[in-house]
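Novice: What shape does this take:
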Amino acid sequence: MKRLSDDLTVSPQVPLEAIPAIADAGFKTIMCNRPDQEDPGQPSFDEISAKAAECGLETVFLPVVSGNVQDADVDAFASALATASKPVFAYCRTGTRCTILWSLANAGKMTTSEIVSAAANAGYDMAGLVPRIDARR
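Specialist: As a prediction, the model looks like this:
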């Protein structure tokens, strides 16, 4: 788990057995940013959602193709994050897609250096994303 902000923590793929601990840690929503069947054996969103519901968590399914984050994906992520019960626990294959979405969604709300620094503190290098962050301002 890597905290990007008070509202958002990101991580690699969540195993079903980790969901109770996510709820116990105080998260209110789990957001999935990876398509079903991206990798063999990954739990489906329906499985994640069912287990999350058992633990009192809300879920959001916003699948984004790895290496192909579109502006519409960023806008949908920003909207989902704005309306989700917080804090939100978002996951994808490695956490990078979630971090890219968060970084681009915060263009204009935070300085580019604040975005890059927060991502770096969480272990994600967003330096290559700077031109795109700046373009969204």
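
Novice: so Pro63 makes contact with Gln37?
Specialist: No - in this structure Pro63 lies outside contact range of Gln37 using CB atoms under 8 Å: 10.2 Å. From N, CA and C alone the C-beta is placed, and that goes for glycine too.

Novice: residue contacts, the nearest residue to Lys2 once chain neighbours are set aside?
Specialist: Excluding its sequence neighbours, the residue lying closest to Lys2 (CB to CB, 6 or more residues apart in numbering) is Ala122, at 3.7 Å. Shown in contact with Ala122 (CB atoms under 8 Å, 6 or more residues apart in numbering): 2-4, 10, 95, 99.

Novice: Which among those count as buried?
Specialist: Burial by neighbour count, judged by 16 or more other CB atoms under 10 Å, picks out 2, 4, 10, 95, 99 from those.

Novice: by contact count, what packs against whichever helix in the chain runs longest?
Specialist: For the chain, the helix with the greatest residue count under DSSP state H is helix 71-83. When contacts are defined as 3 or more CB pairs under 8 Å, 6 or more residues apart in numbering; DSSP states H and E, helix 71-83 packs onto helix 96-105.

Novice: report the angle between the axes of the helix it packs on and helix 71-83?
Specialist: Angle, helix 96-105 to helix 71-83, by axes from the mean of the first three to the mean of the last three CA atoms, to 10 degrees: 80 degrees.

Novice: Good, wrapping up.
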